[in-house]
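1. I'd like to go over a predicted model; first the sequence, then the structure.
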Amino acid sequence: MREQTFILKLFDFISRTVEDPKSFVEYVAAHLQNLNFFVEFFDSSLRICEDSSCRRYAIITYNPTLDIVYNSRKIARVLRDVTIRYLATRGEKKLVLLYMSMDGKRLVKLTNLLKSGTEKFCIVTSRVWNILTAFLAILVAFLSSYFSQNLLITMMCVIVTSLVMSGLSLVGAYRSSRGIDMTTSRVQIFKICVSCSWNTPDSRIKSLLRVLKGFNAITLDSINNIISLSKTFLGNYFKDFKIVQVRLNDKIMEYVRRLGVKILIIHSDSCNAFTLPVFKSIVVTTRLIATLDNDELSAVIGHELGHVVNKDFILCLLAFLFNALLVYIIVRICLTCLSLVYVFLVIFLYIILTTLTFFALFRYLEVRADKFAEKIVSSDMLALALLKVAWRCLILELERPLMLTLSKIMSTHPPVIDRLLRMI
C-alpha cells in the first residue's frame, strides 16, 4: 500500500515540477527501449504495454501538461525508478566547477582556497558522528558511574563529552574552510555548469574534466575557451553552458542574519550538510553546492536552520543528562545486588536499548527540521533536494524492504521514502 501511494504521489509530483514534459517522455522511452515492453508514440502521448495485446499498460500524455495513468504494477515500478532518476538528474549529465570571485574580475577555483586533507573527517561528521556521540555519552556515563559514586561527576563527564564532540566537528570544519563564510557580502561563489545528454559516455566527461581542472583561475576571456573545449570534447552530446552565482533566497538569509548563523563551506566529495549549534554554524560541502541549484540549497539550509531554531542540541544534551541519571541509578543498584558479570550484561543490554532510543530521537528531530524548512521554503524544493542527494538510497529502500526496515530502527535519519511522502 505504501509503495502504491508513493508511486501515485511521485507521478503527481513530477507532473507539477517537470519543466519540459516532452524531454521527460523521450527520456522514459529511451530507457524502456531495451526492456521487454511495447513502446508506441502517438500524438502528444506515449503508450507502454507489457505485451502485444496491451491489456496491461501505462499511458503518458504531455500536451500541455504531463499526466500518467496505468493499470500495470510492473510498468509502474519501472516508471517509478526512471522518474526518480530523471528528477535527480533532470535527464542530463552535468559537470560543475566551483569558483570564488576575488576582485570582481577574476574567479579562483574554490577547492584551491579550501585546505585539503579533511575529506574523510567531513564524511564522519554526519550520521556516523551522531551515532558516535550518542554511544560515547552512554559509555562515559557508565564508566564514570562505575568508578565514581558522585552523580554530579557523572553528569559533568557527559556534558564535557558532548561539547568535545561538537568542538571536534568545528575544528574539522575550520581546518578545511578557514575564513570562508558564504553569508558574508565579500564572498561570491559561482558555478560553471556544463550540461550534456544523459547518454554521454563517461570517458568524454572525464577527459573534459581533466582539462578543465587546469583552469585554477579564470577571466572573461578564458570562459570562451572553456565553452570551446566543452563543445570539442562532448561533440553532439553538448547541451548547455551556464555561469550561476550561488545565492540563498531572501527568507533564508533573513533567518541567517537574525540568528547570527555562519554558513561554512568545506571541501568534500560527499553531499552533506550539518549543524554545529553550539557555535551557530551550518557546514555545507562543495559537492552539495555543486549538486543542488539555489532554491534546493536554500531548502537544505532551511532544514539545518530548523535544528538551530528548535534548539535540538539542547534537547539532545538534556536527553544525555537524563540518560546519565538513569545509568547512575542502574549501576548503583546493580553493584549492590549483582555480580560483576551480570552488571556488564545489564550494561550491554542497556547500551543497545538506549542507542536505539537515541536513534528514534534523532529521527524525530530530522522530521521536525523538515517541517520547519517547509514553512519558509517550498516543500517541492526540499523534496527535490532530497531526491538529488539520496535517490540511490531511495531506490534501494523500494527494492529491498529489509533496508527500509533497518532504516526505521538503526538510522539517525528517517527513511527517504517516509520523508518524501510527507513532502510531495
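-> Alright, I've got the coordinates. Values in this document were obtained by computation on a predicted structure and should not be read as measured data. Residues are numbered from 1 along each chain as shown.
2. When you work out contacts or count neighbours from here on, use the C-alpha atoms and nothing else.
-> Will do.
3. distance of the closest residue to residue 230 other than its chain neighbours from residue 273?
-> Excluding the flanking residues, the one nearest residue 230 by Cα to Cα, 6 or more residues apart in numbering is residue 208, at 6.7 Å. Residue 208 is 28 Å from residue 273, where distance means Cα to Cα, to the nearest Å.
4. One more: residue 230?
-> 30 Å.
5. what ranges of the stretch 151-300 of the chain fall below the confidence cut-off?
-> Along the stretch 151-300 of the chain, segments meeting pLDDT under 70 span 162, 165-179, 220.
6. so where do the helices sit in it?
-> 151-177, 202-212, 220-234, 250-259, 286-291, 294-309 (DSSP state H, counting those that start in this stretch).
7. ranking those helices by burial, who's on top?
-> When those are scored by mean count of other Cα atoms under 10 Å, the highest mean neighbour count falls to helix 294-309 (a mean of 24).
8. Excluding covalently adjacent residues, which one is nearest to residue 240?
-> Counting by Cα to Cα, 6+ apart, the residue nearest residue 240 is residue 195, at 5.0 Å.
9. in the sheet, who's paired with the closest residue to residue 231 other than its chain neighbours?
-> With Cα to Cα, 6+ apart as the criterion, residue 231 has its nearest non-adjacent residue at 5.9 Å, and that residue is residue 238. Per DSSP bridges, the residues bridged to residue 238 are residue 196.
10. Can you report how many residues lie near residue 238?
-> When counting by other Cα atoms under 10 Å, one arrives at 19 neighbours for residue 238.
11. Contact partners for it?
-> Residue 238 makes contact with 194, 195, 196, 197, 230, 231, according to Cα atoms under 8 Å, 6 or more residues apart in numbering.
12. same thing with residue 110?
-> By Cα under 8 Å, 6+ apart, the neighbours of residue 110 are 98, 99, 100, 189.
13. Tell me the one among those nearest to residue 298.
-> residue 189 (14.3 Å; Cα to Cα).
14. Just grab the bridge partners of the closest one for me.
-> On the basis of DSSP bridges, residue 189 is bridged to residue 100.
15. ok, it to residue 39 distance?
-> As for residue 189, its distance to residue 39 is 44 Å (criterion: Cα to Cα).
16. which other residues reach stretch 203-211?
-> Under the contact criterion Cα under 8 Å, 6+ apart, stretch 203-211 has outside partners 95, 229, 230, 233, 234.
17. Format those as TSV; extra columns: distance to residue 3.
-> Formatted as TSV, those follow (distance: Cα to Cα, whole Å):
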residue	distance to residue 3
95	33
229	45
230	41
233	42
234	39
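18. Specify which member of the residues you listed is nearest to residue 319.
-> Nearest to residue 319 out of these is residue 95 (Cα to Cα; 43.7 Å).
19. Secondary structure element holding the closest one?
-> Using DSSP states H and E, residue 95 sits within strand 92-101.
20. Report the rounded mean pLDDT for that strand.
-> Averaging pLDDT along strand 92-101 yields 90.
21. now do stretch 71-84
-> Mean predicted lDDT for stretch 71-84 stands at 90.
22. buried stuff in it?
-> 72, 75, 76, 77, 79, 80, 81, 82, 83, 84 (16 or more other Cα atoms under 10 Å).
23. again, but for stretch 265-281
-> Buried residues in stretch 265-281 (16+ other Cα under 10 Å): 265-268, 270-277, 281.
24. Go through these and flag which are in strands.
-> Among these, the members found in strands (DSSP state E) are 265, 266, 273, 274, 275, 276, 281.
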